[in-house]
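1. From the sequence below, what's the structure:
(chains A, B, C and D)
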There are 2 protein chains.
Amino acid sequence: MSTRERIVETALTLFNQQGSGVVSTNHIAAACGISPGNLYYHFRNKEEIIRAIFHQLTRVGAEEYLAINAARPPETAAAVTAMLDTFVMVQRFNWRYRFFKRELTVLLHHDPLLAAEFAEVHRSHRQMVHDAIARSVGEGFIAPLADEELTLFVEELWLIILFWLNYLEVGGEEVNDATLARGNAVLMSALRPHLTAPAREALAAVKTKER
Amino acid sequence: MSTRERIVETALTLFNQQGSGVVSTNHIAAACGISPGNLYYHFRNKEEIIRAIFHQLTRVGAEEYLAINAARPPETAAAVTAMLDTFVMVQRFNWRYRFFKRELTVLLHHDPLLAAEFAEVHRSHRQMVHDAIARSVGEGFIAPLADEELTLFVEELWLIILFWLNYLEVGGEEVNDATLARGNAVLMSALRPHLTAPAREALAAVKTKER
DNA sequence: ACACCGTTAGAGTCTTTACTCTACGCTGTG
DNA sequence: CACAGCGTAGAGTAAAGACTCTAACGGTGT
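-> A predicted model of the protein is given here:
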């Protein structure tokens, strides 16, 4: 791993543990086993490191999302599986980059450049979620809804996906397979009333297979 | 307002704006229009200020919760109204003390004393939510559920209540009456499938009256 | 008039911070 | 072999940090 990559990785770890506010560039350099001068050779300042972390987040996130969702066949079981996989994927990202979402508003407030980049990414994420739900309605897995109801439903689902980890964190619960599975269950519990009959059967089938 | 109270209030404002990591005691003192020495006369250190904010949060929060929920009559309309009022109340708290939830894990990590106090408060909050839902089931506003389903449902609702503000924040949306009302709508959308017929009517009545 | 004490100011200390500067080694190329 | 240039070390600087100390203020009781 290059020095630059090691700096980013170390900074991410320290930020997650202690918060980016109290972690100094000297800390990062020391934890990397390099000199401060070396760190500043690779990054002009701390904000640039944070932006590098954000760039990694978006790049890898987009790749993984596409890997799960781009080529899925238009089958009910595949749709349900893709949704569960996406949930797990988002949880993994929220965990890996947890300092980022925690400190989001403060970070954006301190770095207008980052704020602009984030706004763009957020817009496209929103679009992806909307498209995914619309596709599922079109394919007949989710019962048709009035526009207003659909919007609320999408927000409900997205909220659960986005904040399950924070919910665990606030509650002092550990993040592990069991608690992640519980998040999945909550999501399904919200989803169930809106599924069509075939989708409900497919879901039951997936569940049975898992055991 | 006493100097001590002014320090707490000013610190809260600055923490919310800029994050507690980058706000120094000197900043707080300057913003208060007092000397650093004076600040340290009232508080031994920064952590003690944060704990004072937390104490205010819990004290006032408990008062307001009781004011809304303790004496409500066992009527369907009252139950629905109490739930909506509680939602609005929690949003107000999340907003007023927003730095606290944002930085929660980091704060708890840095101050074991605070961590212990918070664990206790969180336990009792969890209990309150559980009791409120159980009461509503008992009074016939919410359809009976299997234990497992009930747990998931409660978590779903509580998650929405806890994180609606963060959801707005992450999305770069302003917090105002319209966005708060939308949060209420999302909550209702999650609740509706589980309401009993009389509760659904009472809800419709409340909605009509609001217009 | 005076002593007392909670409150305040503000200068001062020691540490840490972000960031700079200079110099040195290593590696590949003419 | 020379030498260019990337990557690195580490001392150094100016500013800001948390926190301390001493002296004085101002209101109250005697």
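2. Report the separation between the residue in chain A that chain B sits nearest to and DNA strand D.
-> Using C-beta to the nearest C-beta, the single residue of chain A nearest to chain B is residue A:21, 1.9 Å away. C-betas here are computed from N, CA, C, even on glycine. Relative to DNA strand D, residue A:21 is positioned 10 Å away (C-beta to the nearest atom of the strand, to the nearest Å).
3. Apart from its neighbours in sequence, what residue is nearest that residue?
-> The shortest distance from residue A:21 to any non-neighbouring residue, by C-beta to C-beta, 6 or more residues apart in numbering or on different chains, is to residue B:21 (1.9 Å).
4. That neighbour and residue A:18 touch, don't they?
-> No. The pair residue B:21 / residue A:18 is not scored as a contact, 9.2 Å apart, by C-beta atoms under 8 Å.
5. residues in contact with residue A:91?
-> Applying C-beta atoms under 8 Å, 6 or more residues apart in numbering or on different chains to residue A:91 gives the contacts A:164-165, A:180, A:183.
6. Remind me what whichever strand or helix holds residue A:116 packs against, helices and strands.
-> If you go by DSSP states H and E, residue A:116 is part of helix A:112-139. The contact analysis (3 or more C-beta pairs under 8 Å, 6 or more residues apart in numbering or on different chains; DSSP states H and E) places helix A:112-139 against helix A:46-69, helix A:76-96, helix A:104-110, helix A:147-170.
7. check whether it contacts DNA strand C.
-> No. Using C-beta under 7 Å from any atom of the strand, helix A:112-139 stays clear of DNA strand C, with a minimum separation of 13.7 Å.
8. That helix: which residues count as buried?
-> Using 16 or more other C-beta atoms under 10 Å in any protein chain shown as the test for burial, helix A:112-139 gives A:114-115, A:117-118, A:125, A:129, A:132-133, A:136.
9. just these now: which is nearest DNA strand C?
-> Taking C-beta to the nearest atom of the strand as the measure, DNA strand C sits nearest to residue A:114 out of the buried residues of helix A:112-139, at 14.4 Å.
10. measure the closest residue to that closest one other than its chain neighbours to residue A:112 for me?
-> Leaving aside its sequence neighbours, residue A:114 sits nearest to residue A:51 (C-beta to C-beta, 6+ apart; 5.6 Å). Distance, residue A:51 to residue A:112, using C-beta to C-beta, to the nearest Å: 11 Å.
11. With residue A:49 instead?
-> 17 Å.
12. Check residue A:189 too.
-> 40 Å.
13. same check, this time on residue A:43
-> 18 Å.
14. which residues touch the residue nearest the centre of chain A?
-> Most central in chain A under C-alpha atoms, centre = their mean is residue A:90, positioned 3.3 Å from the mean C-alpha point. Residues near residue A:90 by C-beta under 8 Å, 6+ apart: A:161-162.
15. While we're on it, how confident is the model there?
-> At residue A:90, the predicted lDDT confidence score is 92.
16. and the residue in chain A positioned nearest to DNA strand D, what helix or strand is that in?
-> Relative to DNA strand D, the nearest point of chain A is residue A:37 (1.6 Å; C-beta to the nearest atom of the strand). In this assignment (DSSP H and E), residue A:37 forms part of helix A:36-42.
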